[in-house]
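Peer 1: Need the 3D shape of this:
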Amino acid sequence: MAENNKSDLLTYIIGIVIVGFILFKVIAFILPDREPEYTGNDFLAQLMKKASWDSITTMKYKKTCQLFIEDGSTEKHRNETHLYNFEKGANRQILWKEDSTTYKLQQTKAFLVQYKNNIIDSTTSKPQLQSTIEAATFVIGLPYTLDSPKSTLEYKGLTNFQNEECHTLQVTFENSWDTWTLYYTPETLDWKGYWVQTPDHYSLVINDEMTTVNGYTLPRKRTSYRTDSIQNITYKRASYLYEDYVIETN
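Peer 2: Reported below is the predicted structural model:
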């Protein structure tokens, strides 16, 4: 009788172990794989493995921008040439033409000025010029330009971006109300685009085509849209074309 009880107990224990093992396998199959435990800075480091923005000494490219209003008509069409030299402080130029007027926005270290037909343009303020030239450099350099003590980065996991699951990096900046959210493919970390929340509007930018120059992955074609608060597109705001990149590094 005692032998039978021992045998029944052993059979019971083996049965429990088998059932537990099967349940473990089933649960492991049903539950999704855990996402990597990134911090925002960890994720940015992954994106920047191939190249450092600080290594660039000079950079040149051409940019074509077309802005649209809500009814689809063109607000502005501009062809720009951008020239940046970072060897001895910030030395940057943006050149463009509107009708018969030639413009040059120039920064030489702390000196910042805009010219119209080679004459100083007194209709613009230094804060306006600073904002224009800083924005141009910042956007072309994403994500490399996020490596700044003024930025706070938060990895938000895998979220939906334009019907595709993407790694999501959210960024805020010191003394700014804007929130930038950048999206990358899970396997290859291809940059799909970004969404910007400002105090007065929402802007969605899709990277339609990218190019790689000297190890830097940079935009070639982009489209910008205005959206509502949940990224539903309301209208096309702009199209951008970037060409003829020349980058030199130290």
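Peer 1: Pull out the buried residues from whichever helix or strand H77 is part of.
Peer 2: Assessed by DSSP states H and E, H77 sits inside strand 74-85. For strand 74-85, a neighbour-count test (16 or more other Cβ atoms under 10 Å) marks E80, H82, L83, Y84, N85 as buried. The way it works is simple: take the backbone N, C-alpha and C, and place the C-beta from them, glycine included.
Peer 1: Which secondary structure elements does the longest strand seen in the chain sit against?
Peer 2: In the chain, taking DSSP state E as the definition, the longest strand is strand 233-249. If contacts are counted by 3 or more Cβ pairs under 8 Å, 6 or more residues apart in numbering; DSSP states H and E, strand 233-249 sits against strand 56-68, strand 202-213, strand 216-227.
Peer 1: Would you reformat those strands as JSON lines and include distance to T172 and mean pLDDT?
Peer 2: Formatted as JSON lines, the helices and strands packed on strand 233-249 follow (distance: least, Cβ to Cβ, whole Å; pLDDT from 0 to 100):
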{"stretch": "strand 56-68", "distance to T172": "25", "mean pLDDT": "96"}
{"stretch": "strand 202-213", "distance to T172": "15", "mean pLDDT": "96"}
{"stretch": "strand 216-227", "distance to T172": "19", "mean pLDDT": "96"}
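Peer 1: With mean neighbour count and distance to T124 added, can I get the ones you listed in CSV?
Peer 2: Output for the helices and strands packed on strand 233-249, formatted as CSV (neighbours: other Cβ atoms under 10 Å; distance: least, Cβ to Cβ, whole Å):
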stretch, mean neighbour count, distance to T124
strand 56-68, 17, 18
strand 202-213, 16, 23
strand 216-227, 18, 23
